[in-house]
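> okay, structure incoming, though there's no sequence with it:
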C-alpha cells in the first residue's frame, strides 16, 4: 500500500514576495529617509541613483509616479523650506512607518510574546490574565468573573432544564500584576559618531525608533524618554527621531546623566533604568558659572571623576545604567568598567551590528525583574 504521508524537504527556486511597485520602492525610501535625517529631496536623489543602477522601475511605473503616490497616500506634504522655497516633507504617517520598519528590522527575528508580558510572581488584582480560575470570593470585582466558566458550572450543578446561576457557580480568572518600567535612552550625538568613515548615528536612531515603537505598542504602561547629549543634553520627542543629526559637539556625559536622573525622579514606577549609547570618551562638562571645560586629549581626570560621581548618584537612587559602548579602545573600556562598577550596572562592548538585539534582550530581562 502506497504511503501518501511522505515527509522530507522540497527545494525550489527562490521566488521574491509579490510586491506592488509602490511597496517595493517604499521600503527602500523609508531606509533612505532615515539615513538622510528626514531630508526628502536627498532621499529621492539617492532613490533615483539606485534606480539607474539597479533598474528599480520601468516605463509603467517611474520615480515620479512613486512621488505622486506618496502624496495621495498621505506620506508627504507640501511645505516651505528654511530658505523660503517650496518643497516636500514627510508626514507623521511616514514617521510611524519608519518606526515600524525599524521595529521589524531589529526585533522582528526575535521571539515575540503577547501584549504586556512583564509579570511578577504575585497573583491578585492585576491586569495580566493567567488562564487559571478559582472560586468567587467576597471582594472580587464583578469585571473579573468569567462568564463562560460560571455558566458551565451552573449547567453542571443545576441542570439545563431548571437553569439557575448561584453565587457558588461563579468563578474568577486569576491575574498578575505587571511590573512597569520607566526607561531613559541616552544617545551620544558628539562629532565622533560620524568620524572615521563610519555612520554610527543612524543605527542608534534605528534602535531608538524600534524601542519607542516596541514600548508604545506592546507595553503602553511603560514610559520611555529619549535624550541626546553633546556639549549639553536635551530631550527629544519620538516623532523627532528620524530628523536627528550629529552636531559639532564634544561629549558631555555628565549632563546627559543628570538630565536622565531628573526625568526618572518624576516617574512613579518603581522600576527605572538608563540605557546609554555612546562611542566616545567624556570630553566636556559645564561649570556652575555656565562656562564649559573641554579636553579631548585622552581621559581627563576631572571630567571622568564627575562621571563616576553621577554613576554613584544613580546607584543611590536605585537606577541601574546599562552602557552600550560602540568602540573598542582599551583605555575607554577601562573607563566604562570603572563607571559600571560605580553604578553596579552593566556594560556591553559591541559594534553596530547586533546593537538593537542586545538592547531588546536587556530591556526584556530588566522588565522581568523588580529593580531594588
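Here it is on my side, so go on. Please read all numbers here as calculations on a predicted model, not as lab measurements. Numbering: from 1, shown residues only.

> burial count for residue 156?
Residue 156 is flanked by 10 other residues according to other Cβ atoms under 10 Å. Where you see a C-beta, it was placed from the backbone N, CA and C, and this is true even at glycine.

> just name the shakiest helix or strand of this structure by mean pLDDT.
Ranking every helix and strand in the chain by mean pLDDT, DSSP states H and E puts strand 119-124 at the bottom, with a mean of 36.

> could you pull out the helices for the stretch 251-372 of the chain?
For the stretch 251-372 of the chain, the helices defined by DSSP state H, counting those that start in this stretch occupy 253-265, 301-316, 330-343, 355-367.

> so how far is the last one from its chain's centroid?
Distance of helix 355-367 from the chain centroid (Cα atoms, centre = their mean, to the nearest Å) equals 9 Å.

> and that helix, what's buried?
Using 16 or more other Cβ atoms under 10 Å as the test for burial, helix 355-367 gives 355, 356, 359, 360, 362, 363, 364, 366, 367.

> which residues does it contact?
105-107, 110, 118, 179, 181, 183, 203-204, 206-207, 210-211, 214, 219, 222, 271, 273, 275, 277, 320, 322, 324, 326, 346, 348, 350 (Cβ atoms under 8 Å, 6 or more residues apart in numbering).

> try 6 Å this time
106, 107, 118, 181, 203, 207, 210, 273, 322, 348, 350 (Cβ atoms under 6 Å, 6 or more residues apart in numbering).

> about what we covered before: out of the helices of the stretch 251-372 of the chain, which comes closest to residue 60?
When those are compared by Cβ to Cβ, helix 355-367 sits nearest residue 60, at 36.8 Å.

> what about the longest helix in this protein?
Determined from DSSP state H, the single longest helix within the chain is helix 201-218.

> counting contacts, what elements does the very next helix or strand once past it pack onto?
Following helix 201-218 in sequence order, the next helix or strand is strand 223-229 (DSSP states H and E). If you count contacts as 3 or more Cβ pairs under 6 Å, 6 or more residues apart in numbering; DSSP states H and E, strand 223-229 packs onto strand 181-188, helix 201-218, strand 233-236, helix 253-265.

> give the buried residues for strand 223-229.
By 16+ other Cβ under 10 Å, the buried positions in strand 223-229 come out as 223, 224, 225, 226, 227, 228, 229.

> of all those, which comes closest to residue 164?
In terms of Cβ to Cβ, no member of the buried residues of strand 223-229 lies closer to residue 164 than residue 223, at 48.1 Å.

> quick one: neighbours of the nearest residue in space to the closest one that is not next to it in sequence, just the number.
Nearest residue to residue 223, sequence neighbours excluded (Cβ to Cβ, 6 or more residues apart in numbering): residue 182, at 4.5 Å. Counted by other Cβ under 10 Å, the residues lying close to residue 182 total 20.

> beta partners of the closest residue to residue 278 other than its chain neighbours?
Of all residues not flanking residue 278 in the chain, residue 188 sits nearest, at 3.9 Å (Cβ to Cβ, 6+ apart). Per DSSP bridges, the residues bridged to residue 188 are residue 229.
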